[in-house]
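Participant: Give me the fold of what follows.
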Amino acid sequence: MHVVILAGGKGVRLRPYTSALPKPLVPIGEEYAILDIILRQLTSQGFTDATLAVGHLSPLIRAFVGDGSRWGLTVDYTEEVKPLSTIGPLFPIRDRLPDDFLVMNGDVLTTLNYAELLTRHTGSGMPLTVATSPRVVKIDFGVLEAQGGRIVGFKEKPLLSYLVSMGVYALSRETIAHYQDGLPFGFDELVLDLLAKDTPPGIYEFDGYWLDIGRPDDYDEANARFDEIRPQLLPSPERVR
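Facilitator: Next up is the predicted model:
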């Protein structure tokens, strides 16, 4: 039960909150950091090992997490000398990873069952399994469908439904075995590459609480709703002291 947590970004969109702190360490509520909540959840679901991919302000994350014993985890680190995007940080540590493992952003608040996602992936034979969340967008205009210079369809202010990646996914080590170490490589590039090879990723559909804390508005919402959502986010009884 191994997880790689991506915690090396600069959190530019979340400034000024990230001027002095890396994004995974910004406080939620009065007692917790985002990363603290994530590590508590992982421990409660049976994860035993974690690798933190760090870069920006990495000494602060190392000082906060240490060896992971506070959460009952064994934690090690991989340091980005230059930004490697979301998948690139995995390449230097391939030999340290198990056959199947979890990868997640270090700024996600969700009630997703991480262990169930990894278990589902392990038995699926998929190269990659992506946790997805449904999103609905209202278009505030009448939408025209045109063909040959004529309107052939019309929808008044439609609702568009689609699935988005939650920034949490299960991955097989074999999937990344042949990529070159040291080069930036993103999640988007991996998905497109797998599609081009006719080895499409699987999805794990989730319709519970999920918030990607990427902007100040998201951060403000997380704090405003924390007391309400806290019983669902944090394991009870808490196993970490």
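Participant: Give me the sheet partners of the longest strand along the chain and which way each runs.
Facilitator: Longest strand of the chain, by residue count under DSSP state E: strand 159-172. Note on strand 159-172: by DSSP bridges, its sheet partners are strand 100-105 (antiparallel), strand 128-138 (antiparallel).
Participant: Alpha carbons only: can I get the shortest one in CSV?
Facilitator: Presented in CSV, the C-alpha positions along strand 100-105 are these (Å, rounded to 0.1, in the frame of the first residue of the first chain):
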residue,chain,number,x,y,z
ASP,A,100,0.9,-1.0,-8.4
PHE,A,101,0.7,2.2,-6.4
LEU,A,102,-1.3,5.4,-5.8
VAL,A,103,-0.3,8.8,-7.1
MET,A,104,-2.0,12.0,-5.9
ASN,A,105,-1.7,15.7,-5.7
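Participant: What is the subsequent helix or strand relative to that strand?
Facilitator: strand 108-110 (DSSP states H and E).
Participant: Residues in contact with that next one: which ones?
Facilitator: 28, 34, 37-38, 166-168, 206, 208-213, 222, 229, 233 (CB atoms under 8 Å, 6 or more residues apart in numbering). For glycine as for every other residue, the C-beta is placed from the backbone atoms N, C-alpha and C.
Participant: hmm, 7 Å instead?
Facilitator: 34, 37, 166-168, 209-213, 222, 233 (CB atoms under 7 Å, 6 or more residues apart in numbering).
Participant: since we're on residue 182, how many residues are nearby?
Facilitator: 11 (other CB atoms under 10 Å).
Participant: Let's see the pLDDT reported for it.
Facilitator: Residue 182 carries a pLDDT value of 85.
Participant: what's near enough to touch it?
Facilitator: When contacts are counted by CB under 7 Å, 6+ apart, residue 182 touches no other residue.
Participant: run the last query once more with 8 Å
Facilitator: 84, 88, 91-92.
Participant: ok, residue 143 to residue 3 distance?
Facilitator: Noted for residue 143: a distance of 41 Å to residue 3, by CB to CB, to the nearest Å.
Participant: so which helix or strand takes in residue 119?
Facilitator: helix 114-122.
Participant: can you check residue 59 too?
Facilitator: Under the criterion of DSSP H and E, residue 59 resides in helix 58-65.
Participant: which is the next helix or strand following that helix?
Facilitator: According to DSSP H and E, the helix or strand after helix 58-65 is strand 74-79.
Participant: what's the neighbour count on residue 162?
Facilitator: By other CB under 10 Å, the residues close to residue 162 number 9.
Participant: My read is that it contacts residue 135, right?
Facilitator: Yes. Residue 162 lies in contact with residue 135 (CB atoms under 8 Å); the separation is 5.8 Å.
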